[in-house]
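Build me a structure from this.
(one chain, ligands or ions: 3)
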Amino acid sequence: MEIKAIIGDITQIKAGAILVSFFQGMKNPDGDTARVNKALDGAISQLISQDEIKGKSGELTVIHSLGRLPAERVVVVGLGKPAKLTLDRVRGSVAEACRFLRQKYVSDIATVAQGTGTAGISVKSSAQAITEGALLGLYAFRQHITEAAEYGEIKKLFIVAGDKGNLPSLEQSINKGMILAEAANLARDMVNEPANYMTPSHMAEMATRLAKDYRLEVSIMERTQMQALGMGALLGVAQGSQQPPKLIVLNYRGSDTKEINLALVGKGITFDSGGISIKPSEGMGEMKGDMAGGAAVMAALSAIARLKPKINITAVIPATENLPSGIALKPGDVVTAMNGKTVEIISTDAEGRLALADALAYTQKLGAKRIVDVATLTGSCRVALGDVYTGVLGNNQKLIDGVINAGRESGELIWQLPMHEQYKEQNKSDVADIKNVGGKYAGAITAAQFLAEFAGDAPWVHLDIAGTSMTDKERAYQVKGATGVPVRTLVNLVLSLSK
Ligand code: BES
Ligand code: ZN
Ligand code: ZN
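Ligands and ions are numbered 1, 2, ... in the order given. So this is what the prediction gives:
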């Protein structure tokens, strides 16, 4: 889809549809909506007075112009109450309008800069949100569907700003929105891909491809190198599978120093059957998405490479399957991680923290100044926060706040869980330094406490995306399947750290 900024008058635009907006609680259309209303001989105000247009968030009203405007249709987008308007609502409303128009085989759309003048929303930030909303909302994973879609394709989206707009700055905002949304969609593609396609080797090939396309440094560590480094925890998870494990390392260098300003570590379990502690078969297919953390950090790096902040970022992704077999890891086994710590295996289904233990220890050895890890780590986090909030825990409040704020900017909700010392008790083992399951309660917290043992003393933050990486419903700019969370948050975090 081509997205372009235009400085001009929405009533003069020729397109399949133009989008204007209306707020809940208002009696009359104003601004662009008023001018379109006038061209339509008062059709919008009539629908408002008949209560057909209420301006509720999510409301879409189509009016055919029948020659009264160069555009064929006008869509009045409800933006809800002005006091409650956020950029995320702009993303969501545009996404829903685009999906609706695609269903009608409309191929070119023009929209006003939705929501500007309200809640401090600038033309620039609106243009970025519109871009993100359209690209994220129109996403579909059709890789393995051979039949044609039962809807059209939106080929062009014009964002029309009045005299307040400034073309170069609008284009910059659109470009940023495109980079963020394309990265999130890349992560979605990887997560939606079936596990027989998205193997550890395929993830490694994708990393190599990204490195080539975006000029990143890449190195893929094989089993023998992991053995040499003593990565017994990651290797333990990998030992039951026929697929060779890969430790993917991507480097972005935006600054001249040798420092790694931030390491992003992502769980890359390409399929989690639970291993010998096998999961119930119902819903097990969902576990193809257990590499969503790894996908998110890879995709984030692709966006960072395009945005070129002056900062150095390294991504580390331990990629492996978790399968049962005659040589698989067993409950009761003890493994030794790269930092020398021994781990008693209580459940082979708590494999994410094992893979991350070695990835975090490796990152620590690289001397990263800060670490953020992303993982579909615990069912417990999903039980606590559902698919709305990502859980965040860590050892440094400043970095946690930075992540939460970057989330707010992205419309990705993040909720902090407590890391009290007392929870650490639950991970104590009788036969090793630590055990990989801390009991029935506070599972998201004990999992994070486990990771903390391998992250070292540098500021470290853990994002548990078990609940938010996938969704079973279409809502705003999310569609069924992978969400692409928290790619845009990670990129915005990096941009803020680079300032
Ligand atoms: N990959 C799962 C966590 C998960 C659950 C992700 C649901 C997405 C949706 C993880 O490896 C796992 O199995 N965790 C166990 C840990 C338990 C054995 C301590 C869990 O949460 O049940
Ligand atoms: Zn598991
Ligand atoms: Zn898992």
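
Check which helix or strand Ile109 maps to.
Ile109 is part of strand 108-112, with elements assigned from DSSP states H and E.

Backbone torsions only: list them for the closest residue to Gly481 other than its chain neighbours.
Counting by Cβ to Cβ, 6 or more residues apart in numbering, Gly481 lies nearest to Asn192, which is 4.9 Å off, once chain neighbours are set aside. C-beta coordinates here come from the backbone N, C-alpha and C atoms, glycine included. The phi and psi values for Asn192, taken as degrees, to the nearest 10, are phi -70, psi -20.

contacting residues around Asn192?
By Cβ atoms under 8 Å, 6 or more residues apart in numbering, the contact set of Asn192 is 141, 143, 289, 481-482.

of those, closest to ligand 3?
The closest of these to ligand 3 turns out to be Gly289 (Cβ to the ion; 9.5 Å).

So the closest residue to Gly394 other than its chain neighbours, which state does it fall into?
The shortest distance from Gly394 to any non-neighbouring residue, by Cβ to Cβ, 6+ apart, is to Val461 (3.7 Å). Of the three states, Val461 takes strand according to DSSP: H, G, I helix; E, B strand; the rest coil.

And Val461, how close does it get to Met470?
Applying Cβ to Cβ, to the nearest Å, the value for Val461 to Met470 is 22 Å.

Looking at strand pairing, list the partners for the residue of the chain found nearest ligand 3.
Closest to ligand 3 within the chain is Asp272: 3.7 Å, counting by Cβ to the ion. Taking DSSP bridges, one obtains Asn322 as the residues bridged to Asp272.

ok, it touching Leu354?
No: look at Asp272 against Leu354 with Cβ atoms under 8 Å: they stay out of range, at 11.6 Å.

Could you check which of those two is surrounded by more residues?
A direct count of neighbours by other Cβ atoms under 10 Å for Asp272 and Leu354 places Leu354 higher, at 30 against 26.

Roughly how far does that one sit from Ala305?
Applying Cβ to Cβ, the value for Leu354 to Ala305 is 30 Å.

Send over the strand holding Ile109 as PDB, restricted to the C-alpha atoms.
Only the C-alpha atoms of strand 108-112 are listed here, as PDB (Å, rounded to 0.1, in the frame of the first residue of the first chain):
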ATOM      1  CA  ASP A 108      -8.000   4.200  -2.700                       C
ATOM      2  CA  ILE A 109      -8.800   6.200   0.400                       C
ATOM      3  CA  ALA A 110      -8.100   9.700   1.600                       C
ATOM      4  CA  THR A 111      -8.400  10.700   5.200                       C
ATOM      5  CA  VAL A 112      -8.200  13.900   7.200                       C
END
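
Relative to it, what are the paired strands and their orientations?
Its sheet considered, strand 108-112 pairs with strand 17-22 (parallel), strand 156-161 (parallel) by DSSP bridges.

what's the first one in contact with?
The reference is to strand 17-22. Residues contacting strand 17-22 (Cβ under 8 Å, 6+ apart): 10, 29, 32-33, 36, 44, 48, 53, 55, 62, 69, 71-79, 93-94, 97, 101, 106, 108-112, 114-115, 160.

And the last one, by the same measure?
Applying Cβ under 8 Å, 6+ apart, the contact partners of strand 156-161 are 1-10, 13, 15, 18, 98, 107-113, 123, 127, 130-131, 134, 170, 174.

For the residue of the chain found nearest ligand 1, which non-adjacent residue is closest in space?
Going by Cβ to the nearest ligand atom, ligand 1 is nearest to Gly379 of the chain, at 3.2 Å. Spatial nearest neighbour of Gly379, chain neighbours left out: Ala466 (6.3 Å); criterion: Cβ to Cβ, 6+ apart.

Retrieve the pLDDT associated with that neighbour.
With respect to pLDDT, Ala466 has a value of 99.

Could you verify that it is part of a strand?
No: applying three-state DSSP, one finds Ala466 to be coil, outside a strand.

Quick one: residues contacting it.
Ala466 sits next to 375-382 when contact means Cβ under 8 Å, 6+ apart.

run the last query once more with 10 Å
Going by Cβ atoms under 10 Å, 6 or more residues apart in numbering, Ala466 touches 267, 289-290, 292-293, 352, 375-385, 387, 390-391, 443-444, 447.

Mark which of the residues you listed are part of helices, please.
With helices defined by DSSP state H, the entries of those inside them are 292-293, 352, 379-385, 443-444, 447.

Only the buried subset of those, as a ChimeraX command please.
Buried residues among the ones in helices among the contacts of Ala466 (16 or more other Cβ atoms under 10 Å), as a ChimeraX selection:
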select :292,293,352,380,381,382,384,385,443,444,447
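
Stretch 431-446 and ligand 1, are they touching?
Yes: remark: stretch 431-446 sits within contact range of ligand 1 at 437, 443, by Cβ under 6 Å from any ligand atom.

just checking, Arg102 touches Val479?
No: the pair Arg102 / Val479 is not scored as a contact, 11.8 Å apart, by Cβ atoms under 10 Å.

Need the residues touching each of these two.
Common contacts of Arg102 and Val479 (Cβ under 10 Å, 6+ apart): 137-138, 140.

for the residues you listed, which one is nearest Val343?
When those are ranked by distance to Val343 (Cβ to Cβ), Ala140 comes first, at 41.2 Å.

got a list of what the closest one touches?
Residues near Ala140 by Cβ under 10 Å, 6+ apart: 99, 102, 149, 151, 185, 188, 192, 479-481.

give me the number of residues near Lys473?
Residues near Lys473, counting by other Cβ under 10 Å, number 8.
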